[in-house]
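**Q** below are the sequence and a predicted model; questions follow.
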Amino acid sequence: MTQLRAEHPIFRRASFRDGCQLRWVNPAGGDQQEEHWDDEGLRAIGLLMHMPDVEHGGDEALILFNAFDGDVPFTIPPRVKQGSWSVVLDTETGPGSDEGRKGLKADTELMLSPQSLIVLM
């Protein structure tokens, strides 16, 4: 995580009021709605972060959280900018084990392991 923070401006912003766009997504890949926030059984959520500022390189990240003690399928939402996603961190598999998880397109289903976090960029 330290390396990600060093390499990507989106993870080292001075303030959350600096123009970074945040979007909460549900496991179906859609926007988190009021009923999702009220669902006490929901244990997985995603945070899509997009920094359009040219000075910061237009960084974008998707962080998927699974607090459940079982696997949770998560449909990947589309990027704000064009292109596909690549897994850069998975707390279940560890560093260097994400070779087959590059070029992931929107609507691809990704399995989140129990009590894990995945970062895509």
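**A** Nice, thanks for sending it over. Numbers count the residues shown, from 1 in each chain.

**Q** what about the helices in the chain?
**A** Assigned by DSSP state H, the helices in the chain fall at 2-7, 34-37.

**Q** weakest of those helices by average pLDDT?
**A** Among those, helix 2-7 has the lowest mean pLDDT, at a mean of 75.

**Q** list the contacts of that one.
**A** 11, 12, 88, 89, 119 (CB atoms under 8 Å, 6 or more residues apart in numbering). Placement of C-beta: from N, CA and C, glycine included.

**Q** could you redo the helices of the chain as JSON lines and give each row mean neighbour count?
**A** Converted to JSON lines, the helices of the chain look like this (neighbours: other CB atoms under 10 Å):
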{"stretch": "helix 2-7", "mean neighbour count": "11"}
{"stretch": "helix 34-37", "mean neighbour count": "11"}
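
**Q** now distance to residue 81 too, for those helices, in a markdown table please.
**A** Shown next, in a markdown table, are the helices of the chain (distance: least, CB to CB, whole Å):
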| stretch | distance to residue 81 |
| --- | --- |
| helix 2-7 | 18 |
| helix 34-37 | 25 |
